[in-house]
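1. Here you go, sequence then predicted model.
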Amino acid sequence: QVQLEESGGGLVQAGGSLRLSCAASGRNFNGYHMGWFRQAPGKEREFVAAITWTYGVTYYGDSVKGRFTISRERAKNTVYLQMNSPKPEDTAVYYCAADPNLSPGSRSPDEYDYWGQGTQVTVSS
């Protein structure tokens, strides 16, 4: 059973930085896509970034490209989202997701099978 647990959320000032972590367990994740999504109140779940577990190929949503960085540390079974220069519009619940059978660069939340519980990120202006 795949389990994903996010941590690191909280309150951050615009222009600051914050790092989210996703601890993954229950499986060998070789071949998996690991993704970060976010959802603000009243909005649909939005793709933020993804990384392939085996080769570390990364993909980013247009709204975070150049500001956020996704990475993984295979020895710790952990995926990170480094948020630099966050903006108030980045405020949302951030979710970690995983799937073994994605097409490269897939950005649809419907294609991910496994999800964490989410962590709140609030960016103050």
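-> Arrived safely. What you see is a predicted model; the values in this text were computed from it and never measured. Residues are numbered from 1 along each chain as shown.

2. Report the central residue of this protein.
-> By C-alpha atoms, centre = their mean, the chain has its centre lying nearest to residue 36, at 2.0 Å.

3. so what's that one bridging to?
-> Listed by DSSP bridges, the beta-bridge partners for residue 36 are residue 49, residue 96.

4. That one: what's it in contact with?
-> By C-beta atoms under 8 Å, 6 or more residues apart in numbering, the contact set of residue 36 is 20, 22, 48, 49, 50, 70, 79, 81, 94, 95, 96, 97. (Glycine included, C-beta is placed from N, CA and C.)

5. any chance of the residues you listed in JSON lines, with pLDDT, distance to residue 8 and neighbour count too?
-> As requested, the contacts of residue 36 are arranged in JSON lines below (pLDDT from 0 to 100; distance: C-beta to C-beta, whole Å; neighbours: other C-beta atoms under 10 Å):
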{"residue": "20", "pLDDT": "98", "distance to residue 8": "4", "neighbour count": "23"}
{"residue": "22", "pLDDT": "98", "distance to residue 8": "9", "neighbour count": "26"}
{"residue": "48", "pLDDT": "98", "distance to residue 8": "14", "neighbour count": "25"}
{"residue": "49", "pLDDT": "97", "distance to residue 8": "15", "neighbour count": "23"}
{"residue": "50", "pLDDT": "97", "distance to residue 8": "18", "neighbour count": "26"}
{"residue": "70", "pLDDT": "98", "distance to residue 8": "13", "neighbour count": "22"}
{"residue": "79", "pLDDT": "98", "distance to residue 8": "11", "neighbour count": "29"}
{"residue": "81", "pLDDT": "98", "distance to residue 8": "8", "neighbour count": "26"}
{"residue": "94", "pLDDT": "98", "distance to residue 8": "9", "neighbour count": "24"}
{"residue": "95", "pLDDT": "98", "distance to residue 8": "13", "neighbour count": "23"}
{"residue": "96", "pLDDT": "98", "distance to residue 8": "11", "neighbour count": "27"}
{"residue": "97", "pLDDT": "97", "distance to residue 8": "16", "neighbour count": "24"}
